[in-house]
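Q: any chance you could fold what I've pasted below:
(one chain, ligands or ions: 2)
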Amino acid sequence: MKTIVIKLGGSILEHLDSTFFHDCQQLLQEGFYPIIVHGGGPMISEHLNKLGIQTRFINGRRYTDQRNLQHVIQSLAGDVNKQLVSRFIAEEISAIGISGIDLQLLKAQPKDPRFGFVGEVVDVHTEVLITLLAAKWIPVIAPLGLDHNGQAYNINADEAASAIADAVGAEKLVMVSDVPGVIIQGEKMDQLTTQQIDHYIQTGEITGGMIPKVQAGTTALQGAISEVVILSGHKKHPLTSQGTGTRLLSKGAGNHVIIS
Ligand SMILES: Nc1ncnc2c1ncn2[C@@H]1O[C@H](COP(=O)(O)OP(=O)(O)O)[C@@H](O)[C@H]1O
Ligand SMILES: CC(=O)N[C@@H](CCC(=O)OP(=O)(O)O)C(=O)O
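A: Residues are numbered from 1 along each chain as shown. Ligands and ions are numbered 1, 2, ... in the order given. Below you'll find the predicted structure:
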């Protein structure tokens, strides 16, 4: 089964053009099964702000205490997931919302005690995804995880997408964001090597939410994935247009010409 993992950033969710959904249909017709992982950072922040709860990020991860976690779950598995699934259904695509908690799709452990209940994925229950895809139901996944004690975790959506792509052996990981790709000194980069990524993080040209994105992409390339692209969801036909976005290259691939 050929899969493509598509990560939709919270920054783009409300701006997705209908051509994005047509692209998903086209992929299905071509025999590629899309797996959608969504973020929702801005929506969580808005939810917390309305309740007067301050939110803070450490290295691009939201500090999540037990009280915040409840609101993160409400936002991600509730509002954001259901709105996105509704959009798929309205576009006549059979999509099913599921969080990483359900059937322990994403088995998690604490990432770093400094972050609170922020998890990292230690295992992906791939049979769940295969079962859904076999029924031609597109999984729309909220990035939450569960440990063996029943404790839920907030997981960065880029990391969740990377772990899922690796676990299912996806053909490709596409990260759809609100920027045309990785921008360095005002220019959209067509491709970036791991070494360049490390360099630009150090020089401060890759910052904020782009850091977990490029790092999760690099991790995917170290595993089973051969293609990672960061591109804009503002563009028409973001998934089927050729040569858009920034392609991340695995170690040693920097000297090769990539023809897409
Ligand atoms: N070098 C860079 N190129 C492009 N965007 C960058 C860069 N460095 C930081 N960013 C920021 O990263 C943001 C994308 O990350 P984020 O807001 O977390 O998106 P998403 O919701 O898609 O996960 C961009 O909107 C931009 O503000
Ligand atoms: C641990 C952590 O930071 N989790 C993220 C989960 C959502 C996310 O990653 O959303 P984007 O893709 O829109 O950034 C958060 O709480 O914002």
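Q: surely Lys2 meets Glu171?
A: Yes - counting by C-beta atoms under 8 Å, Lys2 touches Glu171, with 5.3 Å between them. Every residue, glycine included, has its C-beta placed from N, CA and C.
Q: let me see the contact set for the closest residue to ligand 2 within the chain.
A: As assessed by C-beta to the nearest ligand atom, ligand 2 sits closest to Gly39 within the chain, at 2.0 Å. Contacts for Gly39 (C-beta atoms under 8 Å, 6 or more residues apart in numbering) come out as Lys7, Leu8, Gly9, Gly10, Ser11, Leu13, Pro143, Ala157, Asp158.
Q: number of residues surrounding the residue of the stretch 51-200 of the chain found nearest ligand 1?
A: Nearest residue of the stretch 51-200 of the chain to ligand 1 (C-beta to the nearest ligand atom) works out as Ser177 at 3.2 Å. For Ser177, the neighbour count with other C-beta atoms under 10 Å is 24.
Q: which residues touch it?
A: Ser177 touches Gly9, Ser11, Ile12, Gly209, Lys213, Ile230, Leu231, Ser232, Gly233, counting by C-beta under 8 Å, 6+ apart.
Q: inside helices: which ones of those residues?
A: Lys213 (DSSP state H).
Q: still on that earlier bit, also near ligand 2: which of the contacts of Gly39, exactly?
A: Gly9, Gly10, Ser11, Pro143, Ala157 (C-beta under 6 Å from any ligand atom).
Q: go back to those and keep what's next to ligand 1.
A: Applying C-beta under 6 Å from any ligand atom to these, those adjacent to ligand 1 are Gly9, Gly10, Ser11.
Q: from these, pick the one nearest ligand 1.
A: Gly9 (1.8 Å).
Q: related to what we said a few turns ago, how about a markdown table for the ones next to ligand 2 among the contacts of Gly39, with pLDDT added?
A: Output for the ones next to ligand 2 among the contacts of Gly39, formatted as a markdown table (pLDDT from 0 to 100):
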| residue | pLDDT |
| --- | --- |
| Gly9 | 98 |
| Gly10 | 97 |
| Ser11 | 95 |
| Pro143 | 98 |
| Ala157 | 98 |
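Q: which pair in those spans the largest distance?
A: Ser11 and Pro143 (14.6 Å; C-beta to C-beta).
Q: these two: which is more packed in?
A: Shown here are Ser11 and Pro143; by other C-beta under 10 Å, Pro143 has more neighbours (30 against 19).
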